[in-house]
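Quick one: sequence plus predicted model below, questions after.
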Amino acid sequence: MSRIGKKPAQIPEGVDVAVANGAVTVKGKQGELSMPLTNLVEVKVQESLLSVTPNDNSREAKLMWGTTQRNIMNMMTGVSEGFSRRLKLIGVGYRANVQGKTLVLQLGYSHDINHEIPDGIKITCEDQTTVVVSGIDKQLVGAVAAKIRSYRKPEPYKGKGVRYEDEYVERKEGKKK
């Protein structure tokens, strides 16, 4: 039994949720998101509460019960508040800046890395070593931040690389003579 799915979700002020044609559409002040529904669960909207129930007692329906409710709750949070991930560039000469729809990263390679900013994502650089990825789609924000981090993952000996702001990199001791 899903503990998340049992409790109905509260719909925030200023957010409209509509279920039609096998899809859920969520509209808010930040924008609009839509997600297709599986036929294993049923979504009901009553006043300011949203409830998800499984259609049968199968294992797959129980798996999709809490997942579907959490995805819809993330959509409601995204269109009302938005999501963001902060990345820090740590290393001598590591820099980032935004030029139009491109994030230009200098990460110690012989060339600059040009990362195209996808639609629905806003990337800002507070300073040369801090990158903020924000948007209304939690999955897309996380995927873009992970892609930027993958260009130079933090290494354990000096700690250099691109890391999330709240990430801890365990340092290793180098060779001894």
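Here it is on my side, so go on.

For the protein, name the helix or strand with the lowest mean pLDDT.
Least confident helix or strand of the chain, by mean pLDDT, DSSP states H and E, is helix 3-6 with a mean of 80.

which strands and helices sit next to it?
In this structure, helix 3-6 makes packing contacts with strand 49-54, helix 59-80, judged by 3 or more C-beta pairs under 8 Å, 6 or more residues apart in numbering; DSSP states H and E. For every residue, glycine as well, the C-beta is placed using N, CA and C.

So which residues make contact with the helix or strand following that helix?
Next in sequence after helix 3-6, counting helices and strands by DSSP states H and E, comes strand 9-10. Here strand 9-10 makes contact (C-beta atoms under 8 Å, 6 or more residues apart in numbering) with 48-51, 69, 72-73, 76.

Can you lay out these as a markdown table showing distance to residue 30, pLDDT and neighbour count?
Output for the contacts of strand 9-10, formatted as a markdown table (distance: C-beta to C-beta, whole Å; pLDDT from 0 to 100; neighbours: other C-beta atoms under 10 Å):
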| residue | distance to residue 30 | pLDDT | neighbour count |
| --- | --- | --- | --- |
| 48 | 19 | 89 | 13 |
| 49 | 22 | 91 | 13 |
| 50 | 18 | 91 | 22 |
| 51 | 24 | 91 | 15 |
| 69 | 21 | 92 | 23 |
| 72 | 16 | 94 | 23 |
| 73 | 15 | 94 | 18 |
| 76 | 11 | 94 | 22 |
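
thinking again about what came up before, the helices and strands packed on helix 3-6: which one's closest to residue 155?
Of all those, helix 59-80 sits nearest to residue 155, with 32.1 Å by C-beta to C-beta.
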